[in-house]
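A.B. asks: Task: produce atomic coordinates for the following.
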Amino acid sequence: MVACDYRRDDALDVVQTAYLKVLDGRARFAGRSSFRTWLFAVVRQTALDLRRRRRLRADLLRRWLVDPIEAPPPGDDTVGREVRRALAALPRRQREVAELVFYQDLTIEEAATVMAVSLGSARTHYDRAKHALARALAELEP
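C.D. replies: Here you go, the predicted model:
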């Protein structure tokens, strides 16, 4: 699948997510096209959503966690280790929402649902986590 950059695992995830959208009613067939065309449109849109979330997550990580000018050379996982260490030091709720958003590609709203907290609470924990991570990683700079 082109929208998944020909990555089989991503394509399988996208198809499964698209089917779930159909089954739980988030995607509804209105009859304006053939069912097959509509289903392909749902799959395509799901793939584009995945790509957009990944790009946004990468941009947010660069913006909040890593200074792009001072980024380590490829293959150096020092930053990754430090990010994991900084995440582990966060309070439980902040760590949970950050991990769901950064590593599981969930929106803050989806993370709130997973965590069984209000959207406002999830946003607050997410914002505090971002700032705490930025502070912790800024202290690492020489």
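A.B. asks: so what are the domain limits for the chain?
C.D. replies: Split into domains by automatic domain parsing, the chain comes to 1-54, 66-142.
A.B. asks: Quick one: the ones you listed as JSON lines, columns for mean pLDDT and mean neighbour count too.
C.D. replies: Just so you know, the C-beta spots here come from the backbone N, C-alpha and C atoms, and that holds for glycine as well. Below are the domains of the chain laid out as JSON lines (pLDDT from 0 to 100; neighbours: other CB atoms under 10 Å):
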{"stretch": "domain 1-54", "mean pLDDT": "82", "mean neighbour count": "14"}
{"stretch": "domain 66-142", "mean pLDDT": "78", "mean neighbour count": "15"}
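A.B. asks: Can you name the next helix or strand after whichever strand or helix holds Ala86?
C.D. replies: In the assignment (DSSP states H and E), Ala86 maps to helix 78-89. Beyond helix 78-89 on the C-terminal side, the first helix or strand identified by DSSP H and E is helix 92-102.
A.B. asks: Name the residues that touch that next one?
C.D. replies: For helix 92-102, contacts defined as CB atoms under 8 Å, 6 or more residues apart in numbering pick out 57, 60-61, 87-88, 90, 106-108, 110-112, 114-115, 117, 121-122, 125-126, 128-130, 132-133.
A.B. asks: Off-centre distance for that helix?
C.D. replies: Relative to the mean C-alpha coordinate of its chain, helix 92-102 is positioned 11 Å out (CA atoms, centre = their mean, to the nearest Å).
A.B. asks: May I have it as PDB, with CA atoms only?
C.D. replies: Extracted as PDB, the C-alpha positions of helix 92-102 are listed here (Å, rounded to 0.1, in the frame of the first residue of the first chain):
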ATOM      1  CA  ARG A  92       2.600   8.100  36.700                       C
ATOM      2  CA  ARG A  93      -0.200  10.000  34.900                       C
ATOM      3  CA  GLN A  94       2.200  12.300  33.000                       C
ATOM      4  CA  ARG A  95       4.300   9.300  32.000                       C
ATOM      5  CA  GLU A  96       1.300   7.400  30.800                       C
ATOM      6  CA  VAL A  97      -0.200  10.100  28.700                       C
ATOM      7  CA  ALA A  98       3.200  10.900  27.200                       C
ATOM      8  CA  GLU A  99       3.900   7.300  26.300                       C
ATOM      9  CA  LEU A 100       0.400   6.900  24.800                       C
ATOM     10  CA  VAL A 101       0.800  10.000  22.600                       C
ATOM     11  CA  PHE A 102       4.500   9.700  21.700                       C
END
